[in-house]
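Trainee: quick check, what structure comes out for this input:
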Amino acid sequence: LTVEHTSSRSTSALLAAMTEASAASLSAETLALRELQAQLDQPEPSSPSSASSAPNPPPAAASSDAWLAPALHRDLLKFSANTRKRWDGERPCRDEMIALLQNVVSTLWRNAHVAVFGSCAVDLATRGSDVDLVVMNVKKADGKKFHDHQLECCKQLALGLANADWVTSIKTIDGSATPIVTIVCEHAIPAGDAKERLKRLMGGEEGKGGPPPKLRLSFDVSFGAPGHRGLEAVRLVKEELEAQPLLGPIVLALKSLLEQKKLKRVFNNGCITSYGLFILAARFLRDWSSHANPRARADGADCSGRALLGFLQFFGRDFNPEEQGVALRHEGNPAGGYLNRQHPTLAQFRCDSLYLRDPIDPQNNVGSNAYRVHQIQRAIGAALGALEARGAQPPPPADREWQVLHELIEIGADGLAAAPPSPHEASP
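Mentor: The predicted structure follows:
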C-alpha cells in the first residue's frame, strides 16, 4: 500500500508537469518516466522473516590485537577438552543412578522408560549442569490435562523415591511450564580403571586414610507429553554441532560464564536456558561464518577465539532485544534470521523480554522467561571489556597454562570452570 500511494502521487506530479511544460523535450519526459518506474520497482515492506530493522551481527570481533584471538582459541579448545573429559569420567556413576531410577519408574509404571536429553545428551554439560531425564510411555487418564498429569506423575515418583538410600534430596517443582522432580544423590566412585581416572580428575589420592570422595549428582526428571520437545531438541542440537565445529567450545564457555554470574538458573530466575543460549550462539555463528571474512575459516588458528569475541560484541553491546528476535529456521526461510519484533505476526510475544523462536515449535518462545536479559547483556559486555583490556597489554608467556580465558571465567586447578554458586542460593 505504501508503494502504491507513493507511485500515485508521483504519477499525478508527472502529468501536471507535462501539461504545464508542453514544450519540454522528449529527453525530459523519458527521464521522468524512468524515475516513476524506479519507484514502482521498489520492494514491498519487509516481512518479519526479512528483518530489515534487525541487522546481521558483525563479521569480526571487536578487538584487533594480534595475539588475543589465537590465545583465546587455544584456551577454548583446552577448556572444552577438559570439561568433556571430566563429564565422560563421571559417566559410570551417572549411568548407575539412571539405572536405579529406571527400576523405580518400572515399578510405578510397567511400560515406562527413562531417556536422557539436554546438555548431557549432546556433550555440552558443564560443572554446574544437571542431568535432564524424561519418563516416556506413562499413560494419561482420559479427560485429564497434560500439565495435571505430569504434576501427578512427579508427585508419585517423589513418593516412590522417598525411601531410596541413594537419594539425598527430592523436590517437586511446578513453577515451570513442565513440572519436574529434582533428585540429588551422592555416589561412591566405582571400582576399576574408571575409579582411578575419576579420582585423578577429582583430585583424590589413594592411601590418605580419609573417606573416598563422592560424586554429587543432580537430576531433573520430567514426564513426556505433546508439548515436551526435549528428545527432538537433542537431534537438532547434534546436527547443528556437527555443521558448526566452533559452536561446542563457545557454548561451553558462555554457559560457564553465566553460571558463575548466577545468571544461568531458569526456574523463577529470569535467565536464559541452555537451549536458548545455544540458539543465540548458533544463529550468530551462521552469519559470522558466512561473511566474506578469511578469518572465519573453521581451520584457522584463531577462529573460535575471534568468533567468541564477535559474539560477546554482538550480544553484549549491539543486540537490541526489544526490536530484534532470533530464529534458526522459520517458514519460508529454512536458514532463519533476525526478526522484526514489531511485526504484527509476533504480537503475541511482544510482552516477552527476549524472543528466541523455537526451531522445533514456532509457537514457543524459548526466551519467554528471560526477563533479566539486560543484566545478562551487561555481564557479557563486561566480559568483553575485560578481554579487550587484557588484549591491549603485552601477551603472556607462551608456557603459561591459561593465556586469557581466565579473564572471562574463573578456572580451577583442575582446568575446569570453578564451581558455580549453589542453585539454592538467592540470586542478586
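Trainee: buried ones in the helix ranked longest in the chain, by neighbour count?
Mentor: Ranked by number of residues, the top helix in the chain under DSSP state H is helix 68-89. For helix 68-89, the neighbour count (16 or more other CB atoms under 10 Å) marks 68-76, 78-80, 82-84, 86-87, 89 as buried. Yep, even glycine has a C-beta here, placed from its N, CA and C like the rest.
Trainee: same for whichever strand or helix holds Leu159, what does it pack against?
Mentor: Assessed by DSSP states H and E, Leu159 sits inside helix 146-160. Other elements packing on helix 146-160 under the criterion 3 or more CB pairs under 8 Å, 6 or more residues apart in numbering; DSSP states H and E are helix 91-108, strand 169-173, strand 180-188, strand 214-223.
Trainee: same question for that helix: list its buried residues.
Mentor: His149, Gln150, Leu151, Glu152, Cys153, Cys154, Gln156, Leu157, Ala158, Gly160.
Trainee: again, but for stretch 124-134
Mentor: Leu124, Ala125, Thr126, Arg127, Gly128, Ser129, Asp130, Val131, Asp132, Leu133, Val134.
Trainee: does the last one belong to a helix or a strand, and which?
Mentor: Think Val134. Here Val134 sits within strand 131-136, counting by DSSP H and E.
Trainee: and for that strand, what's in contact with it?
Mentor: 94, 98, 101, 105, 109, 112-121, 125, 153, 157, 217-224, 228, 230-231 (CB atoms under 8 Å, 6 or more residues apart in numbering).
Trainee: residue boundaries of the strands in the protein?
Mentor: In the chain, the strands defined using DSSP state E lie at 113-117, 131-136, 169-173, 180-188, 214-223, 324-327, 337-340, 356-357.
Trainee: which one of those strands is the most hemmed in?
Mentor: Greatest average neighbour count among these goes to strand 356-357 (a mean of 27), per mean count of other CB atoms under 10 Å.
Trainee: what is the rounded mean pLDDT of that one?
Mentor: Here strand 356-357 scores 95 as its mean pLDDT.
Trainee: could you do stretch 74-81 as well?
Mentor: On average, stretch 74-81 scores 96.
Trainee: could you check how far the spatially most central residue of the chain is from Leu254?
Mentor: Central residue of the chain (CA atoms, centre = their mean): Leu277, 1.7 Å from the mean position. Distance, Leu277 to Leu254, using CB to CB, to the nearest Å: 6 Å.
Trainee: before we move on, the earlier item: check which helices and strands the longest helix of the chain sits against.
Mentor: Using 3+ CB pairs under 8 Å, 6+ apart: helix 68-89 touches helix 193-202, helix 247-260, helix 303-313, helix 373-391.
Trainee: follow-up on the earlier one: please state the offset of the strand holding Val134 from the chain centre?
Mentor: 19 Å (CA atoms, centre = their mean, to the nearest Å).
Trainee: got the angle for that strand vs strand 113-117?
Mentor: Interaxial angle, strand 131-136 versus strand 113-117 (axes from the mean of the first three to the mean of the last three CA atoms, to 10 degrees): 140 degrees.
Trainee: strand partners (parallel or antiparallel) of strand 131-136?
Mentor: Note on strand 131-136: by DSSP bridges, its sheet partners are strand 113-117 (antiparallel), strand 214-223 (parallel).
Trainee: need the contact list for the closest residue to Thr172 other than its chain neighbours.
Mentor: Distance criterion CB to CB, 6 or more residues apart in numbering; nearest residue to Thr172, sequence neighbours excluded, is Cys154 at 4.9 Å. Cys154 is in contact with Thr172, Asp174, Pro179, Ile180, Val181, Val221, Ser222, Phe223, counting by CB under 8 Å, 6+ apart.
Trainee: which of the residues you listed has the weakest pLDDT?
Mentor: For the contacts of Cys154, the pLDDT minimum is Asp174, 88.
Trainee: wait, it sits on Glu152?
Mentor: No - counting by CB atoms under 8 Å, Asp174 sits too far from Glu152 to count as a contact (10.8 Å).
Trainee: wait, the residue nearest to the centre of the chain touches Leu257, no?
Mentor: No - taking contacts as CB under 8 Å, Leu277 lies outside contact range of Leu257: 10.0 Å.
Trainee: next one: the residue nearest to Lys144 when sequence neighbours are not counted from Ala115, what distance?
Mentor: What sits nearest to Lys144 in space, not counting adjacent residues and going by CB to CB, 6+ apart, is Glu152, at 7.9 Å. Glu152 is 20 Å from Ala115, where distance means CB to CB.
Trainee: all set now, cheers.
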